[in-house]
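*Asks:* Quick one, fold the following:
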Amino acid sequence: MIGKIAGVWSQSDYPIMKTVFANLQLPNRVVLAPMSGVTDAPFRRLVAELGAGLVVSEMTASEALVEGRRDARLRAEGQGVGLHVVQLAGCEAHWMAEGARIAEAAGADIIDRPRTDLDRSNREGGNGPRDAQDAAWMG
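*Replies:* Presented below is the predicted three-dimensional model:
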């Protein structure tokens, strides 16, 4: 009982439930949410070492990642963090596709592209998908 008062809980304190996300079975239900300026590579590694089942990167600009900018590459890095999600921002299919390839090579298990980038781009007359093939790839 003293251990529980101090905040130490064992796995046996909770019913075992399988958690599946994007066809990946997570080792537990602890997920590190993306937080701009906080969830950098060292923080993601620390949280993974402390037992998080899934960690999510800060938002990464696809174009910056493709151009090789150091800050973008660090946001996409997934080595040593277990299951890892990279969030990619952008609205041009060629940048998004190449950014996804780079993120996958850097260790991403899941590539996340928030729909707001594409939706906002189209509403504001920006450079959203140019044709049906781009639109199908973008989601």
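
*Asks:* Arg113 against Met96, yeah?
*Replies:* Yes: here Arg113 reaches Met96: they are 6.5 Å apart, a contact under C-beta atoms under 8 Å. For glycine as for every other residue, the C-beta is placed from the backbone atoms N, C-alpha and C.

*Asks:* quick one, what contacts Val30?
*Replies:* Neighbouring residues of Val30 by C-beta atoms under 8 Å, 6 or more residues apart in numbering: 51-54.

*Asks:* Which one's more surrounded, Arg113 and Met96?
*Replies:* Met96 (26 against 20; other C-beta atoms under 10 Å).

*Asks:* residue ranges with poor pLDDT in the chain?
*Replies:* For the chain, residues meeting the criterion pLDDT under 70 lie at 1-22, 115-139.

*Asks:* Show me the helices in it, by range?
*Replies:* In the chain, the helices defined using DSSP state H lie at 2-5, 41-49, 62-66, 70-76, 93-105, 115-123, 132-138.

*Asks:* got the contact list for the third one?
*Replies:* Read that as helix 62-66. Surrounding helix 62-66, the residues in contact under the criterion C-beta under 8 Å, 6+ apart are 71-73, 75-76, 88-90, 92, 95-96, 98-100, 102-103.

*Asks:* Of the residues you listed, which is the nearest to Leu24?
*Replies:* Comparing the contacts of helix 62-66 against Leu24 with C-beta to C-beta places Ala103 closest, at 15.4 Å.

*Asks:* who's in contact with the closest one?
*Replies:* By C-beta under 8 Å, 6+ apart, the contact set of Ala103 is 60, 65, 76, 78, 86, 88, 111.

*Asks:* For the closest residue in space to Ala108 that isn't next to it in sequence, list each beta-bridge partner.
*Replies:* Leaving aside its chain neighbours, Ala108 sits nearest to Val86 (4.1 Å; criterion: C-beta to C-beta, 6 or more residues apart in numbering). Val86 has these beta-bridge partners by DSSP bridges: Ile111.
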